[in-house]
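Student: one predicted model, sequence on top.
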Amino acid sequence: MKTQTVKCKLNIALEASPIALLVQEASKFDSSIYVESVGRKVNAKSIMGMMSLGLADGDDVEISVDGNDEDAALSAISKFLTESR
């Protein structure tokens with residue numbers, strides 16, 4: 001299991017599409033992927049879970065990944081969350 005904390009740089013207050021794209025990205029991996037913010041932890045492959053987090057630009061987000069492709073998954077999700085969209 002690997003974890004990493006990143007600062008969210010997504011402009012998701014305006015629309016849900018970045019969250020949908022994040023869920024699609026997470027779903028490419030076999031590993032379990034969880035995203036935690038403000039004490040709430042959700043499955044990154046769940047659109048409803050991710051939308052319920054209410055992530056905002058500048059939030060600190062902890063990514064937890066466990067599985068056979070955890071290095072690639074952690075890298076991809078971290079990159080996705082830290083690039084402005």
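Tutor: On my side now, so go ahead.
Student: so where do the strands sit in the protein?
Tutor: Listed in chain order, the strands of the chain (DSSP state E) span 2-7, 32-37, 40-43, 60-66.
Student: mind putting those into JSON lines with mean pLDDT?
Tutor: Below are those laid out as JSON lines (pLDDT from 0 to 100):
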{"stretch": "strand 2-7", "mean pLDDT": "97"}
{"stretch": "strand 32-37", "mean pLDDT": "97"}
{"stretch": "strand 40-43", "mean pLDDT": "97"}
{"stretch": "strand 60-66", "mean pLDDT": "97"}
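Student: just name the most buried of those.
Tutor: With neighbours taken as mean count of other C-beta atoms under 10 Å, the strands of the chain reach their highest mean count in strand 32-37, at a mean of 20. Quick note: C-beta positions are derived from backbone N, CA and C, even for glycine.
Student: what packs against that one?
Tutor: Contacting strand 32-37 under the criterion 3 or more C-beta pairs under 8 Å, 6 or more residues apart in numbering; DSSP states H and E are the following elements: strand 40-43, helix 47-53, strand 60-66, helix 70-82.
Student: sorry, back to before: what about the strands of the chain, which gets the closest to residue 79?
Tutor: Shortest distance between residue 79 and those, using C-beta to C-beta, is found for strand 2-7: 9.1 Å.
Student: hmm, who's touching the closest one?
Tutor: With C-beta atoms under 8 Å, 6 or more residues apart in numbering as the test, strand 2-7 has contacts from 58-66, 70-71, 74, 78, 81-82.
Student: before we move on, what about stretch 73-85?
Tutor: 2, 4, 6-11, 18, 21-22, 25-26, 28-29, 31, 33, 35, 44, 61, 63, 65, 67.
Student: centre of the chain to that stretch, how far?
Tutor: Distance of stretch 73-85 from the chain centroid (C-alpha atoms, centre = their mean, to the nearest Å) equals 7 Å.
Student: can you list the buried residues in it?
Tutor: 73-74, 76-78, 80-81 (16 or more other C-beta atoms under 10 Å).
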